[in-house]
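>>> pasting the sequence and the predicted coordinates here, then a few questions.
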Amino acid sequence: MTTFWIVLGLLAVVTGYDLTQRRHAILRNFPLIGHLRYWLEAFGPELRQYIVTNNNEERPFSRTQRRWIYASSKRENNYFGFGSDNEPESSSNYLIVKHSAFPKPTPHAGESGYDPMHPIASAIEIGAWTGRRRPFRPSSVVNVSGMSFGSLSGPAVEALNKGALLAGCFQNTGEGGLSPYHLQGGDIVLQIGTGYFGVRELDGRFSLPRLKDLVAAHPQIRAIEIKLSQGAKPGAGGVLPKEKITAEIAAIRHIDPTRDCVSPASHTAFHDVDSLLDFVELVAGETGLPVGVKAAVGDMSFWNELARKCATSGRSIDFVTIDGGEGGTGAAPLVFVDHVGLPFKIGFSRVHRAFAEQGLTRKVAFIGSGKLGLPDSALMAFVLGADMVNIAREALMAIGCIQAQRCHTNHCPTGIATQSAWLARGLDPTLKSVRLANYIVTLRKDLIALTHAVGVHHPTEVTADQIEILDDRFGARTLREAFGVHDPTITLGGDTSRRAA
């Protein structure tokens, strides 16, 4: 009987500790049983010797990829021992970085020139070419992608913004509007979606006065992004069920809390390329900020016309964010997730080529999005023509996401993709912000290391001939051959690549 009470007492102590500690949302939300997750993670490599699933089979992100993100965010050892689990010669579309015989030196801790933040500033100033009153040169080429308050909890959004401030990068608001959780000191790119949330009248029409008031009140808003579509569900709108709409969300979005919040499939403020560019110039002229668009890639006639008119009409976007069809979202129809929208590599390379042919690649900034939060994927995006990359799901993993894939249920166990006050309380924004910053800094560090390995200083200087794609028949093609990346030494439309700048 004495043993029973001792065990019960120990369990009570552990439960009390779990409920009051702030480092782990899982333990705070699920005391006692949450330890099972960490035990399995700790002993996973040994256990998986006897389990069928290997390190690279799980999706959307493999166990190996998640382990690297978690370790990086906690500043733990993110190295891997005993060689690669991959088999390049029997894999399709396997990326190989061709290192130089004379790589650039990368300083390490304690050496002269070492910077623990590993900054990589953008090589392009957004809005300079179009003469915006407030052009913006991002201080980091790695930034936080659009994820809305409403889809994410308040503490999650706060952690992302505080982490962005620590890492010296910007955070995109997503289409849900600017919330108090976005205003923790980090730079902001304000996204305007088809619902115009936060900058709309109650009937859903876009409101320029509301936008101007918002920008005037918050100088940390550095640019505006008009979302045409997103990778996980291009061509379709979204719905935030009224059950998830709190009074706070309704006030921020300026919506009726008694009805489902619907994002239409398309905009009402414009309807074609000409009216889109008119809208861009109106917003930029009234706010002074750079204005860009975000979209997944489908029909190329839109992009060809947009590039041509940006080059010839005296009206232009300042940046374009390309989202891959493999991008994530809180919820979407399966057929859209799997079959609508081109994958990032294909879609991005086609759009970049269209703008290169019009001589715009040193004028319009390109941002890549869609599973680019790992060093090899990010470097590939830069080689295809990106000036920056935005990361979403990987950023969520850095603040605690365990890929439970319950984003659409309002029952996210880590308190990230939920409006449940009980679950959200488990996420400590201050502690998790440090983990996000650690992850972004580590990603930049590895990007610098890869860049130096091929013999150049900035990721945008790596050429498409320095990356090869292997197939499963002992063949290989450079990224230039695979995707038709233009040669930076060849003049296209009166312009050379931004790498020549």
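Received, thanks.
>>> flag every buried residue along the one helix or strand residue 439 maps to.
Using DSSP states H and E, residue 439 sits in helix 429-453. Going by neighbour count (16 or more other CB atoms under 10 Å), the buried part of helix 429-453 is 429, 431-448, 450-453. C-beta: built from backbone N, CA, C; applies to glycine.
>>> now stretch 105-121
106, 118, 120.
>>> roughly how far does the last one sit from residue 348?
Noted for residue 120: a distance of 19 Å to residue 348, by CB to CB, to the nearest Å.
>>> of the buried residues of stretch 105-121, closest to residue 24?
residue 118 (26.8 Å; CB to CB).
>>> the closest one is in contact with residue 440, isn't it?
No: between residue 118 and residue 440 there is no contact, the gap being 9.2 Å when judged by CB atoms under 8 Å.
>>> how about the secondary structure of residue 368?
Three-state call for residue 368 (DSSP: H, G, I helix; E, B strand; the rest coil): strand.
>>> which one of the buried residues of stretch 105-121 is nearest to residue 206?
For the buried residues of stretch 105-121, the minimum distance to residue 206 (CB to CB) is 35.2 Å, reached by residue 120.
>>> which element is that closest one on?
Judged by DSSP H and E, residue 120 forms part of no helix or strand.
>>> does it really touch residue 447, like I thought?
Yes: contact criterion CB under 8 Å: residue 120 and residue 447 qualify, at 6.5 Å.
>>> which residue, other than its chain neighbours, is closest to the residue most central in space within the chain?
Central residue of the chain (CA atoms, centre = their mean): residue 391, 1.9 Å from the mean position. Residue nearest to residue 391 in three dimensions, not counting chain neighbours: residue 373, with 3.8 Å by CB to CB, 6 or more residues apart in numbering.
>>> host element of the one you found?
Here residue 373, judged by DSSP H and E, is contained in no helix and no strand.
>>> list the contacts for it?
69, 389, 391, 392, 393, 394, 395, 443 (CB atoms under 8 Å, 6 or more residues apart in numbering).
>>> what's the answer for residue 366, then?
Applying CB under 8 Å, 6+ apart, the residues near residue 366 are 319, 320, 322, 348, 352, 355, 385, 386, 387, 388.
>>> and the third one, that one's in a helix?
No: with three-state DSSP as the criterion, residue 322 is located in strand rather than a helix.
>>> just send the buried residues of stretch 105-121 back as CSV, with pLDDT and distance to residue 210 too.
Converted to CSV, the buried residues of stretch 105-121 look like this (pLDDT from 0 to 100; distance: CB to CB, whole Å):
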residue, pLDDT, distance to residue 210
106, 90, 47
118, 95, 39
120, 96, 35
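>>> which of those lies closest to residue 291?
residue 120 (24.2 Å).
>>> for residue 136, give the beta-bridge partners.
Bridge pairing for residue 136 (DSSP bridges) gives the partners residue 126.
>>> could you shift the numbering so residue one becomes 59, and keep it that way?
That works, and once the first residue is 59, the last one we named lands at residue 194.
>>> how near is it to residue 279?
Note on residue 194: its distance to residue 279, by CB to CB, is 10 Å.
>>> any shared contact partners between the two?
Residues touching both residue 194 and residue 279 (CB under 8 Å, 6+ apart): residue 347.
>>> circling back: so who does the residue nearest to the centre of the chain touch?
200, 201, 202, 203, 427, 430, 431, 498, 501.
>>> let's go with 7 Å and repeat that
200, 202, 203, 430, 431 (CB atoms under 7 Å, 6 or more residues apart in numbering).
>>> confidence score at it?
For residue 449, the pLDDT comes out at 96.
>>> phi first, then psi, for it.
phi -120, psi 140 (degrees, to the nearest 10).
>>> show me what it is bridged to.
residue 202.
>>> from residue 173, how far off is it?
As judged by CB to CB, residue 449 and residue 173 stand 21 Å apart.
>>> how about the contacts of residue 449 in JSON lines, adding distance to residue 147 and pLDDT?
Output for the contacts of residue 449, formatted as JSON lines (distance: CB to CB, whole Å; pLDDT from 0 to 100):
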{"residue": "200", "distance to residue 147": "31", "pLDDT": "98"}
{"residue": "202", "distance to residue 147": "36", "pLDDT": "98"}
{"residue": "203", "distance to residue 147": "34", "pLDDT": "96"}
{"residue": "430", "distance to residue 147": "25", "pLDDT": "95"}
{"residue": "431", "distance to residue 147": "27", "pLDDT": "95"}
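>>> from those residues, which two are the most distant?
Farthest-apart pair in the contacts of residue 449 is 202 and 430; separation 12.2 Å (CB to CB).
>>> and the nearest residue to residue 333 once chain neighbours are set aside, how many neighbours?
Among residues not flanking residue 333 along the chain, residue 327 sits closest, at 8.0 Å (CB to CB, 6+ apart). Per other CB atoms under 10 Å, the neighbour tally for residue 327 reads 18.
>>> would you point out the most distant pair within the contacts of residue 424?
413 and 446 (15.3 Å).
>>> between the two, tell me which one has more neighbours.
residue 446 (30 against 26).
>>> quick check: phi and psi at that one.
According to degrees, to the nearest 10, residue 446 has phi -150, psi 160.
>>> got a list of what it touches?
Residue 446 touches 180, 196, 199, 201, 425, counting by CB under 7 Å, 6+ apart.
>>> repeat that for residue 504.
Applying CB under 7 Å, 6+ apart to residue 504 gives the contacts residue 433.
>>> can you tell me how far it sits from residue 431?
11 Å.
>>> could you list the low-confidence segments of the stretch 109-258 of the chain?
109-116 (pLDDT under 70).
>>> my bad, the stretch 459-559 of the chain
Looking along the stretch 459-559 of the chain with the criterion set at pLDDT under 70, you get 544-559.
>>> show me where it has its strands.
Using DSSP state E, counting those that start in this stretch, the strands found in the stretch 459-559 of the chain span residues 525-528, 534-536.
>>> pick the most buried one from those.
strand 525-528 (a mean of 20; mean count of other CB atoms under 10 Å).
>>> residues contacting that one, please?
Contacts of strand 525-528 with the rest of the structure, by CB under 7 Å, 6+ apart, involve 146, 149, 151-156, 438, 441, 534-537, 540.
>>> repeat that with 8 Å
Applying CB under 8 Å, 6+ apart, the external contacts of strand 525-528 come out as 146-147, 149, 151-156, 437-438, 441, 534-537, 540.
>>> then stretch 81-96?
By CB under 8 Å, 6+ apart, stretch 81-96 touches 69, 72-73, 76-77, 79-80, 458, 460, 471-474, 480-481, 483-486, 489-490.
>>> change it to 6 Å
Identification of contacts with stretch 81-96 by CB atoms under 6 Å, 6 or more residues apart in numbering yields 73, 76, 77, 458, 472, 473, 481, 484, 485, 489.
>>> part of a helix, is the fourth one?
Looking back up the chat, that one is residue 458. No: using three-state DSSP, the assignment for residue 458 is coil, not a helix.
>>> residues near it, how many?
26.
>>> tell me the pLDDT at it?
For residue 458, pLDDT reads 92.
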